[in-house]
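In: Prediction below, plus the sequence it came from.
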Amino acid sequence: MTVQSAHKETIVLHAGHRKDSATNSVAVPIYQTTSYQFDSTEHASNLFALKELGNIYTRIMNPTTDVLEQRLTALEGGAAALAVSSGQAASMMAIQNIAHTGDNIVSSTDLYGGTWNLFSNTLKTMGIEVRFADPSDPENFRKLTDDKTRAYYAETLPNPKLNVFPIQEVADIGRSIGVPLIVDNTAAHGLCKPFDHGAAIIASSCTKYIGGHGNSIGGIIIDGGNFDWEENSGRFPMLTQPDPSYHGAVWTEAVKPLGPIAYIIKARVTLLRDCGQALSPMNAFLLLQGLETLPLRMERHCENASKVASFLQSHDKVNNVIYPSQMSGETKRRAETYLSGGYGPLVGAELKGGMEAGKKFIDSLALFYHLANIGDSRSLAIHPASTTHSQLKPEELASAGASEGYVRLSIGLEHIDDILGDLEKALDSV
Ligand code: PLP
């Protein structure tokens, strides 16, 4: 029996595991095995036919990874989850699971750069068109939808703009047409529960706040179990028509006795089987270790970030601070509606001195690490215009929300005096 709770602080410690059934181990064991002995030929054939659930091969399932999947499912209030090798693998599979050549998805323009590349280049080579919608008006999603649209896609708290996505508004439009909303909740796990606002699927990176210590790459797809694929069967033949890759299984039928988890089971037993983006058991263990303190860490990340935003706001070398609590109008309303327990762990600042100031500032930091990541327990910084966004022209930079003087700060768990002291020194140097 695992402990049931509605509280995230308890869920991250107890969901999916009480003690190991073989050894009574309280810490989740690392099942570093590729394969599992079948009890008999009948047992083996039942497992392959999905008549019985159980372990076959670690590319498709693993008991350590299973705890991570159950815990994140419980945290987000979903029905089931699939852990994969990276956040990128999660986004890719979340779409590939319901869209193929000739189909399209409508995505928010405000995306992580890697996802942007995946959507505008790699998916295109596979014949999946991605139409980009400006989320400032949710109706833009409806306008780009046609009968080949298989999903909407967005990030809860996209950086560098940090403008919270209108989850309920776009999910409602999608549900009225029969299109599920996939949300990348990477920067807001513990602050926002997209399923409470109508999202159908979560596809996130665990590399950031879930792992939280900058040591493991991983991703998660969570099925909300709240989207009726059968009612919209015309859009989702991959779930509602016989699948030739699995002896003609109709996923929505075959999986019914197990619950509303057709989407995630199909992803596991077809895409993960065929494409192999499996998470290693060791990484699942490290991500679980991080997950145990996610709510506690998120609280402090947000508290420190809020203090950093106020400090930067009053600094004379800073033109503009980008932080959800300091926004106004509809953008502020969205932050207040969709985030609870803090305004997020990321802060943007536009330095008055532009490109040169941005670079000088980064070079002068001593406590903050200069690297291309977010969500470490340590404070991190990057100057997008000279790194991640260096191929963009000034006007493109502005529309991406990263002007020449923009610096992105992922605020860590150090003492706030040390964080502010480092920022002050770096600002003095520009
Ligand atoms: N989604 C967001 C919002 C991200 O910031 C990132 C990585 O920075 C990813 C997805 C991709 O995750 P991963 O690096 O684990 O592949």
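Out: Looks like it arrived, so ask away.
In: Compute the first-to-last residue distance for stretch 224-239.
Out: 15 Å (CA to CA, to the nearest Å).
In: For it, give the mean pLDDT please.
Out: Mean pLDDT, stretch 224-239: 97.
In: Centre of the chain to it, how far?
Out: Put simply, stretch 224-239 sits 22 Å off its chain's centre (CA atoms, centre = their mean, to the nearest Å).
In: what do you get for stretch 63-72?
Out: Its chain's average C-alpha position is 16 Å from that of stretch 63-72, according to CA atoms, centre = their mean.
In: ok, now stretch 262-277?
Out: For stretch 262-277, the distance to the chain centre is 18 Å (CA atoms, centre = their mean).
In: Buried ones in it, by neighbour count?
Out: When burial is assessed from 16 or more other CB atoms under 10 Å, stretch 262-277 yields the following buried residues: 262-273, 277. All C-beta spots, glycine's among them, are computed from the backbone N, C-alpha and C.
In: for residue 107, which residues make a bridge with it?
Out: residue 132, residue 153 (DSSP bridges).
In: What segments of the stretch 151-300 of the chain are helices?
Out: 167-177, 237-240, 251-254, 262-266, 273-275, 281-291, 294-313 (DSSP state H, counting those that start in this stretch).
In: Looking at those helices, which is nearest to the ligand?
Out: Minimum separation from the ligand across these (CB to the nearest ligand atom) falls at helix 281-291, 10.5 Å.
In: ok, the closest one near the ligand or not?
Out: No: Helix 281-291 stays clear of the ligand (CB under 6 Å from any ligand atom), getting no nearer than 10.5 Å.
In: re earlier: nearest to residue 189, of the buried residues of stretch 262-277?
Out: Nearest to residue 189 among those is residue 264, at 17.8 Å by CB to CB.
In: need the residues of the stretch 151-300 of the chain near the ligand, please.
Out: 155, 184, 186-187, 205, 207, 217, 219.
In: can you tell me which two in the residues you listed are farthest apart?
Out: For these, the maximum inter-member distance is 18.0 Å, found between 155 and 217 (CB to CB).
In: So which of those two has more stuff around it?
Out: residue 155 (25 against 17; other CB atoms under 10 Å).
In: pLDDT value on the more buried one, please?
Out: 98.
In: cool, and residue 117?
Out: Here, the pLDDT recorded for residue 117 equals 91.
In: mind checking which helix or strand it is in?
Out: helix 113-117 (DSSP states H and E).
In: Can you list the buried residues in that helix?
Out: Across helix 113-117, burial judged by 16+ other CB under 10 Å covers 113, 115-116.
In: near the ligand, which of these show up?
Out: Okay, of these touching the ligand (CB under 6 Å from any ligand atom), that's residue 115.
In: need the contact list for the closest residue in space to residue 90 that isn't next to it in sequence.
Out: Leaving out its chain neighbours, the residue that sits closest to residue 90 by CB to CB, 6 or more residues apart in numbering is residue 219, at 3.3 Å. Residue 219 is in contact with 83-91, 203-207, 279, counting by CB atoms under 8 Å, 6 or more residues apart in numbering.
In: re the thing from before, what is the rounded mean pLDDT of the very next helix or strand once past the helix holding residue 117?
Out: Proceeding N to C from helix 113-117, the next assigned helix or strand is helix 123-125, under DSSP H and E. Mean per-residue pLDDT for helix 123-125: 97.
In: And for stretch 307-315?
Out: For stretch 307-315, mean pLDDT is 98.
In: Would you mind listing the buried residues in it?
Out: Across stretch 307-315, burial judged by 16+ other CB under 10 Å covers 307-309, 311-312.
In: Centre of the chain to stretch 409-425, how far?
Out: In terms of CA atoms, centre = their mean, the centre of stretch 409-425 is found 26 Å from the chain centre.
In: model confidence over that stretch, on average?
Out: Here the average pLDDT along stretch 409-425 is 98.
In: and among the helices of the stretch 151-300 of the chain, the most buried is which?
Out: Among the helices of the stretch 151-300 of the chain, helix 262-266 has the highest mean neighbour count (mean count of other CB atoms under 10 Å), at a mean of 26.
In: pLDDT and distance to residue 317 added to the buried residues of stretch 262-277, as a markdown table?
Out: Converted to a markdown table, those look like this (pLDDT from 0 to 100; distance: CB to CB, whole Å):
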| residue | pLDDT | distance to residue 317 |
| --- | --- | --- |
| 262 | 98 | 54 |
| 263 | 98 | 49 |
| 264 | 98 | 48 |
| 265 | 97 | 54 |
| 266 | 97 | 53 |
| 267 | 98 | 48 |
| 268 | 97 | 51 |
| 269 | 96 | 55 |
| 270 | 97 | 54 |
| 271 | 98 | 49 |
| 272 | 98 | 49 |
| 273 | 97 | 54 |
| 277 | 98 | 44 |
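In: All good on my end, thank you.
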